[in-house]
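Undergrad: just the structure for this:
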Amino acid sequence: MMIADDTSAGASAAQTAARKKEPDKGGFYWGTGRRKSSVARVRIKPGDGKLLINKGELDAYFKRDQDRKAVLAPLKAVDAEKTFDIYINVRGGGTTGQRGAAVLGIARALKNYDEGFLHALREGGYLTRDPRMVERKKPGQPGARKKFQFSKR
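TA: Numbering: from 1, shown residues only. Presented below is the predicted three-dimensional model:
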């Protein structure tokens, strides 16, 4: 006789959608974000709203107001600004790439925490990775698109 559990094929869609993934040993949910040449490793856990980027405060790391608002946008989308402690390690690229990587990392970590956040994060476009990268330099040319001046004679 087999005992059915909620992971069997008979589990309802509501149970599957509300199921949470398990945190790691420290109680953290992880998310990785990438943008241009930047990579952000994000850890979240329920807390009082602390946000550290490379062991520093958000205001000290991102000087521009639009960067700070963009990093907090996925949290506002799910109404969780003060419910999670967030730790971000970001490397590579510039401020725009690091901001985009942090946004994607936070959104993925929130999705791992609760699948119920998926709809709100998708609606805001926070789970879509921006595929735009710097175009490579071609051989025999001075840059990716630039050409040497044509001389007929």
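Undergrad: quick one: residue 94 and residue 108, what's the gap?
TA: Separation of residue 94 from residue 108 (C-beta to C-beta, to the nearest Å): 21 Å. Heads up, the C-betas are built off the backbone N, CA and C, glycines and all.
Undergrad: report how many residues lie close to residue 125.
TA: When counting by other C-beta atoms under 10 Å, one arrives at 13 neighbours for residue 125.
Undergrad: in the longest helix anywhere in the chain, what's buried?
TA: Counting by DSSP state H, the longest helix found in the chain is helix 95-113. Judged by neighbour count using 16 or more other C-beta atoms under 10 Å, the buried positions of helix 95-113 are 97-113.
Undergrad: likewise stretch 62-72?
TA: Quick answer for stretch 62-72 (16+ other C-beta under 10 Å): 62, 67-68, 70-72.
Undergrad: of those residues, closest to residue 48?
TA: In terms of C-beta to C-beta, no member of these lies closer to residue 48 than residue 72, at 15.2 Å.
Undergrad: helix or strand next in line after the helix or strand harbouring that closest one, which one?
TA: If you go by DSSP states H and E, residue 72 is part of helix 65-77. Sequence order places strand 84-91 as the next helix or strand after helix 65-77, per DSSP H and E.
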